[in-house]
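**Student:** Return atomic coordinates for the entry below.
(chains A, B and C)
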Amino acid sequence: MATYRAEISLCTKERVEIVDITDRVLDACAKSGIKDGIALVFPHHTSSAVYISDSDRSLTGDFGSILSELAPEGREYAHDLTDYKKNAFGHIRANLAGHHILIPVTDGRPDLGRFQTIYYAEFDGQREKEIVIKIVGE
Amino acid sequence: MATYRAEISLCTKERVEIVDITDRVLDACAKSGIKDGIALVFPHHTSSAVYISDSDRSLTGDFGSILSELAPEGREYAHDLTDYKKNAFGHIRANLAGHHILIPVTDGRPDLGRFQTIYYAEFDGQREKEIVIKIVGE
Amino acid sequence: MATYRAEISLCTKERVEIVDITDRVLDACAKSGIKDGIALVFPHHTSSAVYISDSDRSLTGDFGSILSELAPEGREYAHDLTDYKKNAFGHIRANLAGHHILIPVTDGRPDLGRFQTIYYAEFDGQREKEIVIKIVGE
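**Tutor:** Predicted coordinates for the structure are as follows:
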């Protein structure tokens, strides 16, 4: 049995932004040397989320729009009375988007469907953030 | 340590439909021979989701209704300008429903509560789809 | 390779309530003796969810409010015609909140970011509920 841990660091240009991290996850899987198992892709933050969706980039804007309607930025949140970052909307969108993902690893690679792409959705960015990748397998 | 991989294939009659796949997941767990571990149930697609809910079938309609209000079919999505399937609503509902699940495996069986039932929510069906089951344990 | 299973039992005072269970998850990880792996935190119910968010308690009210707007209690649900508990809203909120979580375990502890806190969101409480913690690692 083997376990592997890696960290992805990134800093988005916009406060709210969705970026494709598929290659970086593929890379971590390759480096792990693990042939068979499961990989957890887990932001070390509570105002961002990792999720899987279609390879079409324009869909990230559609998903972002829906999330911003479900948890709007202008709304009155109790959290924002005490947190100067006023990022309650970001925490809530991170939870609605699912926060973290698990992917199967087979033959040393993420076992994804043809169009499956891994995205990092940032809701309070423009600062360094970390994503932990933890793989368990053999 | 052991790992196991299986695939469930299914094709829904309706484009949007929720079906009970509990027995097929139980079956895969039994075949795996793994007594103790965790099982990932992971659609190989981005317009469907696996989730856990109550055994009452009428609740699937309620959940489906809420999801169709959160990401309506009629709305203007950038994705639908280039994808002839016009399934942006399906991709987004899949993410809001959580896409994939993890279940504990104990004594060779999914370690579920009394009413917990495993559903596959299809948002762009009427064609063959696959769900990967990956189990890690011993 | 090692696996570990524990149960957290709890009974909320209110029907709908969000409570911090971080210490109880830390405790289970410590007792497991597993140094490296992943931990699944999985409610054995379909009307509650475990999720990760910021350490600020007032944010739980904000998240609860959003969820109660997305799946309101007063609405007509098919499920509530046959289930005397009339908890359809609770089942659906549990799914929107994500139901269960996976956390990395490193050096014998949950490998969480500085502010990451583990919450249990109850949507049909005032009765005994169980959360299964299943850890796989070494």
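
**Student:** How far does the host helix or strand of A:Val25 sit from its chain's centre?
**Tutor:** Element membership for A:Val25 (DSSP states H and E) is helix A:22-32. Relative to its chain's centre, helix A:22-32 lies at 14 Å (C-alpha atoms, centre = their mean, to the nearest Å).

**Student:** And stretch A:19-37, by the same measure?
**Tutor:** Per C-alpha atoms, centre = their mean, the centroid offset for stretch A:19-37 relative to its chain is 14 Å.

**Student:** Now do the helix or strand harbouring A:Ser65: which elements does it pack against?
**Tutor:** Secondary structure assigned from DSSP H and E places A:Ser65 in helix A:58-70. On a contact count with 3 or more C-beta pairs under 8 Å, 6 or more residues apart in numbering or on different chains; DSSP states H and E, helix A:58-70 meets strand A:17-20, strand A:48-53, helix A:88-97, strand A:117-122, helix B:79-82, helix B:88-97. In this view, the C-beta of every residue, glycine as well, is placed from N, C-alpha and C.

**Student:** Indicate which one of the ones you listed is closest to C:Ile101.
**Tutor:** helix A:88-97 (10.3 Å; C-beta to C-beta).

**Student:** re earlier: so the helix holding A:Val25 versus strand A:117-122, what angle?
**Tutor:** 110 degrees (axes from the mean of the first three to the mean of the last three C-alpha atoms, to 10 degrees).

**Student:** Which positions within helix A:22-32 qualify as buried?
**Tutor:** By 16 or more other C-beta atoms under 10 Å in any protein chain shown, the buried positions in helix A:22-32 come out as A:22, A:24-25, A:28-29, A:32.

**Student:** Could I get the pLDDT score of the residue nearest the centre of chain A?
**Tutor:** Computing the C-alpha centroid of chain A and ranking residues by C-alpha atoms, centre = their mean puts A:Val50 first, at 1.8 Å. In the predicted model, A:Val50 carries a pLDDT score of 98.

**Student:** Find the residue closest to it in space, skipping its chain neighbours.
**Tutor:** Leaving aside its sequence neighbours, A:Val50 sits nearest to A:Val41 (C-beta to C-beta, 6 or more residues apart in numbering or on different chains; 4.8 Å).

**Student:** Checking the one you found next. Helix, strand or coil?
**Tutor:** Of the three states, A:Val41 takes strand according to DSSP: H, G, I helix; E, B strand; the rest coil.

**Student:** quick revisit: can you tell me which of the buried residues of helix A:22-32 is closest to chain B?
**Tutor:** Set against chain B, the nearest of the buried residues of helix A:22-32 by C-beta to the nearest C-beta is A:Thr22 (12.5 Å).

**Student:** got the contact list for the closest one?
**Tutor:** A:117-118 (C-beta atoms under 8 Å, 6 or more residues apart in numbering or on different chains).

**Student:** what separates it from A:Val41, distance-wise?
**Tutor:** For A:Thr22, the distance to A:Val41 (C-beta to C-beta, to the nearest Å) stands at 10 Å.

**Student:** Spit out the residues that contact those two alike.
**Tutor:** Contacts common to A:Thr22 and A:Val41, judged by C-beta under 8 Å, 6+ apart, are A:Ile118.

**Student:** pretty sure the residue nearest to the centre of chain A contacts A:His100?
**Tutor:** Yes - using C-beta atoms under 8 Å, A:Val50 is in contact with A:His100, at 5.7 Å.

**Student:** if I look at these two, which residues touch both of them?
**Tutor:** With C-beta under 8 Å, 6+ apart as the test, A:Val50 and A:His100 both reach A:41-43.

**Student:** now, which of these sits nearest C:Ile133?
**Tutor:** The closest of these, once distances to C:Ile133 are taken by C-beta to C-beta, is A:Phe42, at 16.5 Å.

**Student:** Kindly state the beta-bridge partners for the closest one.
**Tutor:** Beta-bridge partners recorded for A:Phe42 (DSSP bridges): A:Val132.

**Student:** Tell me which residues touch it, please.
**Tutor:** Per C-beta under 8 Å, 6+ apart, neighbours of A:Phe42: A:50, A:99-100, A:131-134, C:102-104, C:111.

**Student:** Next: A:Pro43.
**Tutor:** Counting by C-beta under 8 Å, 6+ apart, A:Pro43 has contacts A:49-50, A:94, A:99-100, A:120, A:129-132, C:113.

**Student:** separation between it and C:Glu138?
**Tutor:** A:Pro43 is 25 Å from C:Glu138, where distance means C-beta to C-beta.

**Student:** likewise A:Leu81?
**Tutor:** According to C-beta to C-beta, A:Leu81 and C:Glu138 sit 45 Å apart.

**Student:** With A:Lys134 instead?
**Tutor:** A:Lys134 is 13 Å from C:Glu138, by C-beta to C-beta.

**Student:** And for A:Thr3?
**Tutor:** Applying C-beta to C-beta to A:Thr3 and C:Glu138 gives a distance of 7 Å.

**Student:** Pick out whichever of these two has more residues nearby.
**Tutor:** Neighbour count, other C-beta atoms under 10 Å in any protein chain shown: between A:Thr3 and C:Glu138, A:Thr3 has more, with 23 against 13.

**Student:** What average pLDDT does the helix or strand where the more buried one lies get?
**Tutor:** In the assignment (DSSP H and E), A:Thr3 maps to strand A:2-10. The pLDDT scores in strand A:2-10 average 97.

**Student:** Thanks a lot, catch you later.
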